[in-house]
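In: got a sequence here, can you model it:
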Amino acid sequence: MSGMSAEPYWELMFDADGDADAGERDALVRGAVSEGLTDLVVFAHGWNNDRPMATALCSRFYAPFPGLVARAPGVRMGYAGVIWPSMRFPGEAVPDFPSAAPEGPPAPPVLDAATREALVRTLPCERAVMDRLAELAAEQSEDPARLEEFVSLVRGLAPAPPQGPVAADAGEDDASYLLTGDARQVCESFAAALDRMGALPPAFLGGALKRLWGGALEVLRQMSYYTMKRRAGVVGEKGLGPALALLAESATGLRVHLAGHSFGARLVSFALRGLPDDGTALGSVTLLQGAFSHYAFSSRLPFDSGRGGALDGLYRRIRGPLVACHSRHDSALGTLYPLASMMSREDDGILGLDDGRWGAVGHDGIRDVDPCARIALDEALRGALPTEGCVSVDASSVIARGGPPSGAHSDICHEELARVVLHAGRVLPAGP
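Out: Reported below is the predicted structural model:
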């Protein structure tokens, strides 16, 4: 592909139901064979507004790889990007990414025409409903009934609960609908969280109801995330997993290394559901700021010993390690993610945010899997990654930049993280 930082490169595009673009899938299979690849890295983006933005992120992420792979004699590396329907809200800073919003305090998240169009496509949503949401958001009425109407309309956009095992994401949001509590209390909780993070725009610091409108707009943002998170699981299990199985049948001996950012980390993790127990050459999986439950791979939940996580034990389908990079500088996962996950449960109200139940793997790593090593990034780069099983890598020293409300959530394009992917796949020898 012209302008791509790493070659040979292919893309795999999936729709919201996990159906692949058959032409692109088959081109990857043919290319892996004809190029004589020994290894293939497959990267899944998190939220992006369109295909060009997703492709640009893949190019930035892959930029360090060719120089690093040149140190590995005998390796013939290929690269692929997973493209799936998602979106990024205005005001979410992505460090060093020219098409992203600048860092610093965000402007009010106005539902302009481009944002409305993206939401109509992503949720999906009827245009009349989105137009009404935009009207209410712009008006920011002092009438509490208008706030209630806004939240009610957002709740009506919740996706239907998926059927089968993909529906269960233990420790997160196994309720069918997001934010079922009292509307004013929900808006206040989000507004307070944004205020603590320095992410509540000045326009919402007036009266009490003005503040609640800031929280109400975050409710809409979280609804879009909820939809994308569900979709990532479906695309992984129904789309990427079977595509990788097909690839393994043709490109025998090829070692595949999955990497995913944010909801893309959930996508590549749920691809394990779509793989057979054996017969694949999945050499490693690296999760970068994964936006799903840190209990997903657990066999026994600490708050419900009769249940396991949604991906209980599936890391055993990987011939190498499952590596989860996490950062304390990720405020999207450290504050907003657990708040939204907790409030999706009707029976839990809005208490208990700090009890650990609602955490994301990209915030504090993999929980309640034994054994699971916990190491710092510099240790990982010196060769401390295990050859199999789970490991949590504290990458806070590198994943550190980004403005509110997401913090460092998207600060993933670093040579050090490329090295983690290659060390996990045993492409690079241990050492600096």
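In: in the stretch 1-150 of the chain, where is pLDDT below threshold?
Out: Along the stretch 1-150 of the chain, the parts satisfying pLDDT under 70 run over 1-2, 90-94, 96-110.
In: and the strands in it?
Out: 9-13, 39-44, 77-83 (DSSP state E, counting those that start in this stretch).
In: out of those, the one nearest residue 403 is which?
Out: Nearest to residue 403 among those is strand 39-44 (23.9 Å), distances taken as CB to CB. All C-beta atoms are positioned from the backbone trio N, CA, C, and that covers glycine.
In: please identify the most buried of the strands of the stretch 1-150 of the chain.
Out: Across those, the average number of neighbours (mean count of other CB atoms under 10 Å) peaks for strand 39-44, which reaches a mean of 27.
In: elements contacting that strand?
Out: When contacts are defined as 3 or more CB pairs under 8 Å, 6 or more residues apart in numbering; DSSP states H and E, strand 39-44 sits against helix 51-62, strand 77-83, strand 255-261, helix 263-270.
In: could you give the bridge partners of residue 282?
Out: Per DSSP bridges, the residues bridged to residue 282 are residue 256.
In: what distance do you get for it to residue 16?
Out: Applying CB to CB, to the nearest Å, the value for residue 282 to residue 16 is 24 Å.
In: of those two, who's got more company?
Out: Between residue 282 and residue 16, residue 282 has the larger neighbour count (other CB atoms under 10 Å), namely 23 against 19.
In: ok, the more buried one to residue 275 distance?
Out: Using CB to CB, which is the criterion applied here, residue 282 is 7 Å from residue 275.
In: again with residue 66
Out: Between residue 66 and residue 275 the computed distance is 28 Å (CB to CB).
In: with residue 210 instead?
Out: Going from residue 210 to residue 275 by CB to CB gives 50 Å.
In: neighbour-wise, which of these two wins?
Out: Neighbours of residue 210 and residue 275, each counted by other CB under 10 Å, are more numerous for residue 275; the result is 20 against 14.
In: residues contacting the closest residue to the more buried one other than its chain neighbours?
Out: Of all residues not flanking residue 275 in the chain, residue 241 sits nearest, at 5.0 Å (CB to CB, 6 or more residues apart in numbering). By CB atoms under 8 Å, 6 or more residues apart in numbering, the contact list for residue 241 reads 270, 271, 272, 273, 274, 275.
In: let me know the pLDDT of residue 349.
Out: pLDDT for residue 349: 35.
In: likewise for the one 4 residues further on?
Out: According to the model's per-residue confidence, residue 353 sits at a pLDDT of 44.
In: got the contact list for residue 204?
Out: If you count contacts by CB under 8 Å, 6+ apart, then residue 204 has 108, 191, 210, 211, 213, 214 around it.
In: buried ones among those?
Out: The neighbour count (16 or more other CB atoms under 10 Å) marks 108, 191, 211, 213, 214 as buried among those.
In: where helices are concerned, which of those residues count?
Out: Applying DSSP state H to these, the entries found in helices are 191, 211, 213, 214.
In: can you name the two of those residues that sit furthest apart?
Out: The largest separation in those, counting by CB to CB, is between 191 and 213 at 8.3 Å.
In: show me the domain layout of the protein.
Out: Per automatic domain parsing, the domain ranges recorded for the chain read 9-87+229-328+356-424, 113-224.
In: phi, psi of residue 375?
Out: Dihedral angles of residue 375 (phi, psi; degrees, to the nearest 10) stand at phi -140, psi 160.
In: on that earlier part again, name the stretch among the domains of the chain that sits most buried.
Out: domain 9-87+229-328+356-424 (a mean of 21).
In: how about the strands in the stretch 301-432 of the chain?
Out: Ranges of strands in the stretch 301-432 of the chain, per DSSP E, counting those that start in this stretch, are 321-326, 372-376, 389-394.
In: dump the ones you listed to CSV, plus distance to residue 221 and mean pLDDT.
Out: Below are the strands of the stretch 301-432 of the chain laid out as CSV (distance: least, CB to CB, whole Å; pLDDT from 0 to 100):
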stretch, distance to residue 221, mean pLDDT
strand 321-326, 22, 97
strand 372-376, 31, 96
strand 389-394, 27, 97
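In: so for residue 35, which of these sits nearest?
Out: Comparing the strands of the stretch 301-432 of the chain by CB to CB, strand 321-326 comes nearest, at 25.9 Å.
In: quick one, phi psi at residue 199?
Out: Dihedral pair for residue 199: phi -110, psi 10, per degrees, to the nearest 10.
In: excluding sequence neighbours, find me the nearest residue to it.
Out: Spatial nearest neighbour of residue 199, excluding adjacent residues (CB to CB, 6+ apart): residue 404 at 3.2 Å.
In: for that neighbour, grab phi and psi.
Out: phi -70, psi 150.
In: check it and give its pLDDT.
Out: Residue 404 is given a pLDDT of 78.
In: tell me how far it lies from residue 219.
Out: 17 Å.
In: likewise for residue 376?
Out: 36 Å.
In: what's the answer for residue 84, then?
Out: Using CB to CB, residue 84 is found at 24 Å from residue 219.
In: ok, now residue 145?
Out: The spacing between residue 145 and residue 219, counted by CB to CB, is 16 Å.
In: same deal with residue 14?
Out: As judged by CB to CB, residue 14 and residue 219 stand 28 Å apart.
In: could you do residue 182 as well?
Out: For residue 182, the distance to residue 219 equals 12 Å [CB to CB].
In: again, but for residue 329
Out: On the measure of CB to CB, residue 329 and residue 219 end up 25 Å apart.
In: how about residue 30?
Out: Residue 30 is 46 Å from residue 219, by CB to CB.
In: what does residue 327 give?
Out: As judged by CB to CB, residue 327 and residue 219 stand 26 Å apart.
In: next one: residue 114
Out: Distance of residue 114 to residue 219, computed by CB to CB: 20 Å.
In: residues contacting the spatially closest residue to residue 82 that is not a sequence neighbour?
Out: With sequence-adjacent residues excluded and distances taken as CB to CB, 6+ apart, residue 82 is closest to residue 44, at 3.9 Å. By CB under 8 Å, 6+ apart, the residues touching residue 44 are 81-82, 84, 236, 240, 258-261, 264-265, 267-268.
In: now do residue 363
Out: Residue 363 sits next to 294, 326, 327, 328, 330, 333, 334, 337, 338 when contact means CB under 8 Å, 6+ apart.
In: confidence-wise, which of the residues you listed comes last?
Out: In terms of pLDDT, the lowest of the contacts of residue 363 is residue 338, showing 65.
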